[in-house]
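Engineer: Generate a structure from the sequence data that follows.
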Amino acid sequence: METWRVIERVWRNAYRSIALVSFLAVFSGCRDSQSPEQFTSLPSVQFKAGDRFLYEGWLTDSYGLPLDSSSFHRVWQVLATDAQRDGYNDVVVLRDSTSFTVIDSVRVDTLYLRANASGWVYWYGFLSDLIARRESRKVGRGWDPVVGFGEAAWTVGMLDSAGQEPLTAKLAAQKDYFSVKINNVSTAIPAWRVEMNGQTLDYFLWVCDSPPCFPRLEEDSDPFDGINSGSLMILREAAFVPRPSISSGQAKAAPGTLP
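Structural biologist: You can find the predicted model right below:
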């Protein structure tokens, strides 16, 4: 059974790679896949209240291909960056609004993130929400480290309540480039790929520190465990309040330009 799981994941990753290469071909340059990038200083993902992000998303089939009938739009609006939660006073609060194309409904939720100067980004309830949706079971909620700049590898959390199935993560060797409309200006932005792998979950997200965003988030299916669909979200537009790290021409654009 484990052999077939490995074979299936190889084919699934091949399909994903073909789709991603097609999407990034215009923006990708040559890269050395053998040696990870060495940071002179650790990147820090710093949001500001008023930042907005518009994603286009889909559920995906067992090969990672988007299902058009499941398309949705998702807007993240940063409400605060200094909220208090679980003893921390640097919590980023985002309003998460999802509109579904086919069933014509809207779901509103709240996301909580934390980022520090040591290169870590934490997402509250990241694993528990994924497992609840994928497998209809509960695991403990907490601050899951989804990004660890400067780390060779780290543990995001446990996929089971017994603590026997870790989800481990690592950064890819070099950056990928994405086309995103930043304050109404089409821009190619670089982002690091975070690869998360576990017994029943493979998840990939891309993170950029300037401008601060997650350009792509991708969740694999796992048919051998009865999980026949995944998900894909691609950042299409972002609007940022003014800050020095974003070019002045873009920073002066109104932050309310997303639909």
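Engineer: mean confidence score for stretch 110-124?
Structural biologist: Averaging the model's pLDDT scores along stretch 110-124 yields 96.
Engineer: try stretch 217-234
Structural biologist: 92.
Engineer: cool, and stretch 196-214?
Structural biologist: Rounded mean pLDDT across stretch 196-214 is 96.
Engineer: Use 30 as the first number for this chain going forward.
Structural biologist: Understood, numbering begins at 30; the last thing we discussed is stretch 225-243.
Engineer: list the buried ones in that stretch?
Structural biologist: Using 16 or more other Cβ atoms under 10 Å as the test for burial, stretch 225-243 gives 225-227, 229-238, 240-243. Any C-beta I mention is one placed from the backbone N, CA and C, and that applies to glycine too.
Engineer: where does this protein have low pLDDT?
Structural biologist: When residues are selected by pLDDT under 70, those of the chain lie in 30-67, 274, 276-288.
Engineer: show me where it has helices.
Structural biologist: 31-53, 155-164, 277-280 (DSSP state H).
Engineer: longest single strand anywhere in this structure?
Structural biologist: Identified as the longest strand of the chain according to DSSP state E is strand 195-211.
Engineer: So which elements touch that strand?
Structural biologist: helix 31-53, strand 172-177, strand 183-187, strand 214-226, strand 231-238, strand 241-248, strand 259-268 (3 or more Cβ pairs under 8 Å, 6 or more residues apart in numbering; DSSP states H and E).
Engineer: Could you tell me the angle between that strand and strand 231-238?
Structural biologist: 50 degrees (axes from the mean of the first three to the mean of the last three Cα atoms, to 10 degrees).
Engineer: Mind exporting the C-alpha coordinates of strand 195-211 to PDB?
Structural biologist: Output in PDB follows, covering the C-alpha atoms of strand 195-211 (Å, rounded to 0.1, in the frame of the first residue of the first chain):
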ATOM      1  CA  PRO A 195       4.100  15.100  12.100                       C
ATOM      2  CA  LEU A 196       3.700  17.500   9.300                       C
ATOM      3  CA  THR A 197       7.200  18.700   8.400                       C
ATOM      4  CA  ALA A 198       8.100  21.700   6.300                       C
ATOM      5  CA  LYS A 199      11.100  23.100   4.400                       C
ATOM      6  CA  LEU A 200      11.800  26.100   2.100                       C
ATOM      7  CA  ALA A 201      12.600  25.400  -1.600                       C
ATOM      8  CA  ALA A 202      16.100  26.300  -2.800                       C
ATOM      9  CA  GLN A 203      15.200  29.400  -4.700                       C
ATOM     10  CA  LYS A 204      12.300  31.800  -5.400                       C
ATOM     11  CA  ASP A 205       9.500  31.600  -7.900                       C
ATOM     12  CA  TYR A 206       7.900  34.600  -9.500                       C
ATOM     13  CA  PHE A 207       4.200  35.500  -9.800                       C
ATOM     14  CA  SER A 208       2.200  38.100 -11.700                       C
ATOM     15  CA  VAL A 209       0.000  40.000  -9.200                       C
ATOM     16  CA  LYS A 210      -1.800  43.300  -9.700                       C
ATOM     17  CA  ILE A 211      -0.400  45.400  -6.800                       C
END
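Engineer: What residues of that strand count as buried?
Structural biologist: Of all the residues in strand 195-211, those buried under the rule 16+ other Cβ under 10 Å are 195-196, 198-201, 203-211.
Engineer: Over to stretch 71-89?
Structural biologist: By 16+ other Cβ under 10 Å, the buried positions in stretch 71-89 come out as 72-76, 80-89.
Engineer: Show me the two of the buried residues of strand 195-211 that sit farthest apart.
Structural biologist: P195 and K210 (37.4 Å; Cβ to Cβ).
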